[in-house]
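> Prediction below, plus the sequence it came from.
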Number of protein chains: 2
Amino acid sequence: MSNALDSIFKAQSIAVIGASNDPSKRGNQAIRKLRADGYTGRIYPINPKSSEILGLKAYTSVLDVEDRIDVVLVCTPAKTLPAILEQCGQKNIPGAVVLAAGFAEIGAEGEAIAEATLAAARQHNVRVVGPNTNGVFNLHNKMNMVGVQDVEPGNIGICSQSGNMMLAFVTEAKRRGGVGFSSYVGVGNQLDVNLAEYLRYFGDDEDTKAPVFYVEGFQDGRAFLNTCRDVTQKKPVVVYKSGRTEAGQVAASSHTGSLASSFDLTRGLLKQAGATVVEQSDKILSIAEGLSKLTVPKGGRVAILADGGGHATVTVDALVDAGVELTELSTETIGKLRSVLPSAASCVNPVDVAGGTDDDPSVSADCAEIILADENVDILMIIGMYGGFAARFNPALLDNEVETSQRLATLPEKYGKPLIVQSVYNTLRPKPIEVLKEAGVPVFVWPEPAVRCVAELIDYAHAKRRNATSPLEIPDGPTVAGKAILEKITADNRDAFYEHEAKDLLRAYDVSVPGQMLVRTEDELEKVREVLGDAPMAMKIVSQDILHKSDAGGVKLKITGESSLHDAFREIMANARTYDPEADLHGVLVAPMAQSGVEIIIGVVHDAMFGPVMMFGLGGIFVEVLKDVSFRALPMSRADAREMIAEIQSSKILDGVRGGLPADKEALVDLMMKVSHLALAHPEIKEIDLNPVILRSDGYAIVDARMILNSKGH
Amino acid sequence: MSNALDSIFKAQSIAVIGASNDPSKRGNQAIRKLRADGYTGRIYPINPKSSEILGLKAYTSVLDVEDRIDVVLVCTPAKTLPAILEQCGQKNIPGAVVLAAGFAEIGAEGEAIAEATLAAARQHNVRVVGPNTNGVFNLHNKMNMVGVQDVEPGNIGICSQSGNMMLAFVTEAKRRGGVGFSSYVGVGNQLDVNLAEYLRYFGDDEDTKAPVFYVEGFQDGRAFLNTCRDVTQKKPVVVYKSGRTEAGQVAASSHTGSLASSFDLTRGLLKQAGATVVEQSDKILSIAEGLSKLTVPKGGRVAILADGGGHATVTVDALVDAGVELTELSTETIGKLRSVLPSAASCVNPVDVAGGTDDDPSVSADCAEIILADENVDILMIIGMYGGFAARFNPALLDNEVETSQRLATLPEKYGKPLIVQSVYNTLRPKPIEVLKEAGVPVFVWPEPAVRCVAELIDYAHAKRRNATSPLEIPDGPTVAGKAILEKITADNRDAFYEHEAKDLLRAYDVSVPGQMLVRTEDELEKVREVLGDAPMAMKIVSQDILHKSDAGGVKLKITGESSLHDAFREIMANARTYDPEADLHGVLVAPMAQSGVEIIIGVVHDAMFGPVMMFGLGGIFVEVLKDVSFRALPMSRADAREMIAEIQSSKILDGVRGGLPADKEALVDLMMKVSHLALAHPEIKEIDLNPVILRSDGYAIVDARMILNSKGH
């Protein structure tokens, strides 16, 4: 078997522990359901008090069963678990699905049971689903441990922290038709198997084309991201993360830390890992359906073939809202369309057949082929009223329509391009539409869900290409200069870097840092002009005890002339002393004023769930008031850095303001990558905050840099 | 009859012009459909070539019919229309529904027919629906001229520029159940009756609780807004405006003009008029359903009563995303809930019954009553799995569940508060849920549509109160000082105001404008200190030929000292002369530099569709790059002005930056109202642009003001 969880999901023999002859007990219902759904594997009821249950021979324990058992379905209470797991171990049973609640969530007693259960499972290599799960089903194995009825088989996998959510998907799919499920697992308490491992299973499972994850909280977010990155090279992964309006997880003093609120961060990291993040539960199923069925496109240029005004207009609006490109058809394509459509038809995109398919629906397929053959087209949407001509106007057209559907269904493979259909008639389920759906073409009633699928499909295709081609950049280790700086700070028994040390460390990772000079006594000011030149200077207090330098009167800007330098030095030292008489004053940092440009902020924090992450945003009010920032996990690729920049809402400002030159985005990407290298080479640095960096049309200047080490002893 | 269109929608007698015995003709289908749907009024087939059609006596023309005819349904081609309308006039027939296309949209010939048709209609007071409509239905009159099948009767009215959109609503409603329609009209070319008049009809129609408008373009947007303002005092109005990604309609040189893109503007104005603007077509029906059924709440505080974790979490996320307030239940309410729910239940909002209703569903209604009685609660959402206990677990509970539903359905009236239900089981249509729906409680499958209804309901209730209580401010007319300034500019034969004139005009409407001095010759500079004081000065060229003063080198800032004033004056005049040797140089405007604050922009333009509108935004990149602006039609209320300020995305910046004081929003509202008065008093001013205004924590300073008159001769 190819995946560690196959013995559970693809079990050929199941022992039901706590099997019962009482129809109200789960240990009775489970066996009935397995048999009702046609499970073809062997079922062993385990119950020391019965010799036969539901006509099957019952056993006192799994140890009495002679054949191999792939999985136990445990219907007994929590306290029985440690002993059961021991027996599973002795019997070499690789999997257990544990329904009981009453573990860690009930306090100390439950926690002790959980620990003992886990210890037994680990010792004997038994993988445990749950506890506190409502079970597992795999419809391709005709194995339904959950008891849910009327589940349509198909190729969407579900991994959920809420059984009710699974039930909602299943009832919705039943109503919609044309969409169904491969396997489901309710993850429960994740005592043993975690979300990343389930994701790996769904990635390996050939019956699953699109796994859906309903997540309330990640236990090991980094593992999930890593697995997601792999799996999305094979198939799309749809994630809904609830509780996204919670306050942030990271307690930190920097801007970056305070902005690392869980959902913005989670979304950024999941997208980086290739996941399709859905933010509204009622859209999950339609997006998963679309992604599970549609050919992955080479690009994002969409053509519309419509047979009615209103819906085409709505589709165009929705595409533009979603930032999707409406393609321009080639002259050749337009000419070919003209030759098959009436003169009133619109033969540019969006194409409107203007009644040209009413008498002969097969013209729809002709037009679809003409459009799909155009190399300007990556995706085709058929919009409006397809499939209802026979039902509504002329029953004699039914055969024609059905044949047209059969032909349309072959086109995605023939042209290697996705085809998606929206039709008002979908609710009536006429045969031509059912034929399309059975052949794997997604059909929606309204334009917007179709557009959302297209937009998510384009994003998925893009993320897949990006992750395949733009490598994560991982440094070999710390540089010699970097090591030396860290050693000095550690030797000083400090957590906080002085600003000049932070800048020196940046330099050690090849970051361009403006000339600077640490002036500890007034007479050292003599050398400033010699070292830094004649430009106006910025002067800032250097003290590990003074975090907010401006508030302390510790910053003076645009200082020109020798005497002004001296005045400023004395004033800064005096202000700092007044502000905090106890403060260690390390000196004053002097540097030439930065040229004007756009203020940006780059930060790195260590998230409790996801590990090191970078934050990017425009400085000042954009970060502080509007909280317009983007996040990526480190290591990241250059493409990730570019997307972080494009993702913020205020990104357009970097394209130039009031006719000014655009900001130097490549220099910015370069800077972000170097900061990433630095952060990865020195995991002992807890927070990095470059704020602000002035980004010009020709490079950048780091105006302020703060870094903090993990507290001593961590 | 209470509305001018009642004779059409509530017709008691219909003449079908172009009636036919050929079943493939519309003039045959229409009569069959009317009879099939049980139309109880009289039907008169009109066809000069037949004496009997479908068993009814046929007439040569309407003139031959002896009884009164309320409406003619015209199935004959365009060219027959003028003569038919003449006959309608002679017969005193008040309404005509014209199906034929081939009018203005086919060019000159069609336009001539359209003109002749309209002339006849106006002369004889015949109101014409269409032409190029697919007809009208009123299910409460059992009158269906459209031929659409399977329409559920109910109380949503539809007015649409796309027949296919109506068809989409109708098929969707049929599938969903519990929602239906009162009347429909396809507006076609709007030759005579326009959207505002249809809106008035739906407003007056007692069978319609929520009119839905699918609009591709307004002919008289101002009339629609005015009617909408009235109608929304009685019932919600749902508007979907397509084509919203079009380029702007206003050709203008100001920032305000260039930003008045059609959809941002349209949305702002419709919301001001009380409409519920829906931006995705697939949400229209569920929102209209919710608004048509739900009691209008007194406030926006929502309580959740849930019986399952996942959906409650998703609901909270969606409410927070939508900016809806989750209320805090009173101590008394929490105590009462504790007394009826098990100890594991959560008795704070969101309330989770934790299985407390499984054995006795009526506990749900007990809890609902306890919560609705709390004065901290305005709206109750029941979330999760309501209505499925009997179907899923225990058939014996069915009567209890049905009775519980009957009781729940009485609560909105009993407590005067809306109740909305989300249940996974809704797709299965179990009886307890059908009972709720039949009694008028909206039930949704997923949390998000329920949350959208709640959010739109709160907005509607708010807009209704706002428009009832905050009056539109309309000035009596121009002030004496204002008139004098306009007369001078007109006498000068100019379109553009000089800056000092624009500021003087603002002063004439009680706007506080900083001291300023127009200096025409250098020797006049002597008086500057005497008049304006010793503060640093801003100096700007005054010339109707120089639009971009900075580009021309025509602006100098922070001028201090006597000699600097002279230097600046000479430099500005020289720069301007070089920039445009032909320019009329009117002088240099000197004013004290404004204190620092937040830059804002206030503009007024005349929109071709909607008339005078005000724009508001933060200055600089927020307007220029991010296009973050809001619009309202003038006249407006002070509440409208407050909402314009709150509506922009960057609004938080006005609450204070980096611990600074919040901006003086009341002074800003005051300024906006005064600019509104000015614009309304002088409709001959085409554009007003106050950019920037510096808004401080204690008032504002208008730094630059531009105004342009309608071109001479307009």
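Nice, I can see it.
> How about A:Thr208: what's its closest non-neighbour residue?
Closest residue to A:Thr208 apart from its sequence neighbours, by C-beta to C-beta, 6 or more residues apart in numbering or on different chains: A:Gly157 at 3.8 Å. Every C-beta, even on glycine, is put in place using the N, C-alpha and C of the backbone.
> Please apply the same query to A:Arg42.
In space, A:Arg42 is closest to A:Ser13, 4.1 Å off (C-beta to C-beta, 6+ apart).
> ok, now which ones touch that neighbour?
A:41-44, A:67-71 (C-beta atoms under 8 Å, 6 or more residues apart in numbering or on different chains).
> Tell me who's in contact with A:Tyr509.
A:479, A:482, A:674-675, A:677-678, A:681.
> now swap in A:Asp704 and tell me
Contacts of A:Asp704 by C-beta under 8 Å, 6+ apart are A:499, A:540, A:690-692.
> ok, 6 Å please
Contact analysis of A:Asp704 by C-beta atoms under 6 Å, 6 or more residues apart in numbering or on different chains lists A:Asn691.
> Against chain B, how distant is it?
Separation of A:Asp704 from chain B (C-beta to the nearest C-beta, to the nearest Å) stands at 15 Å.
> just to revisit the earlier point, just the buried ones among the contacts of A:Ser13, please.
Among these, those that count as buried by neighbour count (16 or more other C-beta atoms under 10 Å in any protein chain shown) are A:42-44, A:69-71.
> Out of the residues you listed, list just those in strands.
A:42-44, A:71 (DSSP state E).
> residue ranges of the strands in the stretch 351-500 of chain A, please?
A:351-352, A:379-384, A:419-423, A:443-444 (DSSP state E, counting those that start in this stretch).
> Find me the pLDDT at the residue nearest to A:Arg42, would you?
For A:Ser13, the pLDDT comes out at 97.
> which residue sits farthest out from the middle of chain A?
A:Ser563 (56.4 Å; C-alpha atoms, centre = their mean).
> is it true that that residue lies in a helix?
Yes: counting by DSSP: H, G, I helix; E, B strand; the rest coil, A:Ser563 is part of a helix.
> and the helix ranked longest in chain A, what does it pack onto?
With secondary structure taken from DSSP state H, chain A has its longest helix at helix A:447-469. Here helix A:447-469 touches helix A:281-293, helix A:309-321, strand A:419-423, going by 3 or more C-beta pairs under 6 Å, 6 or more residues apart in numbering or on different chains; DSSP states H and E.
> Going by residue numbers, what spans are helices in the stretch 301-450 of chain A?
A:309-321, A:331-340, A:362-372, A:389-392, A:398-415, A:431-438, A:447-469 (DSSP state H, counting those that start in this stretch).
> Quick check: what element follows the lowest-mean-pLDDT helix or strand in chain A along the chain?
In chain A, no helix or strand scores lower on mean pLDDT, DSSP states H and E than helix A:255-259, which sits at a mean of 57. Later in the chain than helix A:255-259, the nearest helix or strand by DSSP states H and E is helix A:262-272.
> can you give me how far that next one is from the chain middle?
6 Å (C-alpha atoms, centre = their mean, to the nearest Å).
> Which residues of chain A lie near chain B?
Chain A has residues A:162, A:164-165, A:167-168, A:171, A:175, A:242-245, A:280-282, A:308-311, A:313-314, A:317, A:320, A:424, A:427, A:446, A:448, A:621, A:625, A:652-653, A:657 near chain B, with proximity defined as C-beta under 6 Å from any C-beta of the partner chain.
> Would you mind writing the PyMOL command to select the buried ones in those?
This is how PyMOL selects the buried members of those, with burial counted by 16+ other C-beta under 10 Å:
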select buried, chain A and resi 162+164+165+167+168+171+242+244+280+281+282+308+309+310+311+313+314+317+424+427+446+448+621+625+653+657
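> ok, back up a step: and the residue nearest to A:Arg42, its phi and psi?
phi -150, psi 130 (degrees, to the nearest 10).
> got it, and the one 4 residues further on?
According to degrees, to the nearest 10, the main-chain angles of A:Ile17 amount to phi -90, psi 130.
> Next, count neighbours for A:Val441.
As a burial measure, A:Val441 scores 23 neighbours (other C-beta atoms under 10 Å in any protein chain shown).
> scratch that, A:Thr266 is what I was asking about
25.
> Contacts only, for it.
Contacts for A:Thr266 (C-beta under 6 Å, 6+ apart) come out as A:Lys241.
> ok, now the one 4 residues further on?
Residues in contact with A:Leu270 (C-beta under 6 Å, 6+ apart) are A:239, A:277.
> if I look at it, how far off is chain B?
For A:Leu270 relative to chain B (C-beta to the nearest C-beta), the value is 16 Å.
> I'd like to know how far that residue sits from A:Gly611.
Distance of A:Leu270 to A:Gly611, computed by C-beta to C-beta, to the nearest Å: 14 Å.
> what do you get for A:Ala15?
39 Å.
> How about A:Gly107?
Distance, A:Gly107 to A:Gly611, using C-beta to C-beta: 30 Å.
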